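# make a model of this:
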Amino acid sequence: MNVRNQLVEFFVRRSAKEHSPAVRTLATMAGATFFAAGWPALVYLCGICFDKTLILPHWLSVSASIICFAIGIPWLISSVMWQLVRGKGTPVPVVPTKYFLQNGPYRYVRNPMILGFALYLLGWAFLFNKAGAFLAAAAVIAFLLAEVKIIEEPELEKRFGDAYREYRKETPFIFPKWRKKKCN
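Residues are numbered from 1 along each chain as shown. Take a look at the predicted model:
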């Protein structure tokens, strides 16, 4: 069995375990700290270590940062809250949700948390405004997207079967499609 399949099986087994509210809280706090501070710190360090060149005029970088934060943070928070409250789990893969989520922010995209986080991280890259920061943000986002495609989606398919396969067919991966209402 290859490493990918072993990881998928590990997370499927973890999903069958019951986790106390304390464990869910600790996992969420650890994950939130890492994502809210750890990845932006890496982006900052890469920005100041690898390339000190300013990419954009200050007013434009700050404006783009504000826009990314204003759009990304609500996606991020709503998807995390949806996982905690409706999914009875956490965004941390070792303490996953118990229920298949296909409503709330998940009705627009399969990965609203990644969408929100990508915008959040880009907001930091724009704020730091260094080539190294943008490269680091792009690398982190690419890594997370690959993890979702290679490990998380096969795990969800194994856990939720046909319901997930149908959801995957109907719901975009990361970029929302705003549907027009049908007129009668």
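# contact partners for Lys98?
Listed by C-beta atoms under 8 Å, 6 or more residues apart in numbering, the contact partners of Lys98 are Ser15, Gly87, Lys88, Gly89. Using the backbone N, CA and C atoms, a C-beta is placed for each residue, glycine as well.
# pLDDT weak spots in this protein?
With pLDDT under 70 as the threshold, the chain has low-confidence stretches at 1, 51, 179-184.
# and the helices in it?
3-16, 21-33, 39-50, 58-85, 112-128, 131-147, 153-170 (DSSP state H).
# could you dump the contacts of Lys98 to a markdown table with distance to Val109?
As requested, the contacts of Lys98 are exported to a markdown table (distance: C-beta to C-beta, whole Å):
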| residue | distance to Val109 |
| --- | --- |
| Ser15 | 21 |
| Gly87 | 16 |
| Lys88 | 21 |
| Gly89 | 19 |
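# which among those end up buried?
Applying a neighbour-count criterion of 16 or more other C-beta atoms under 10 Å, the buried members of the contacts of Lys98 are Ser15, Gly87, Gly89.
# how near is the most centrally placed residue in the chain to Arg24?
For the chain, Ile114 is the residue whose C-alpha lies nearest the centre (C-alpha atoms, centre = their mean; 2.2 Å). Distance, Ile114 to Arg24, by C-beta to C-beta, to the nearest Å: 20 Å.
# just Tyr164 next, same as before
Tyr164 sits 22 Å away from Arg24, going by C-beta to C-beta.
# Phe69 now?
Phe69 is 27 Å from Arg24, by C-beta to C-beta.
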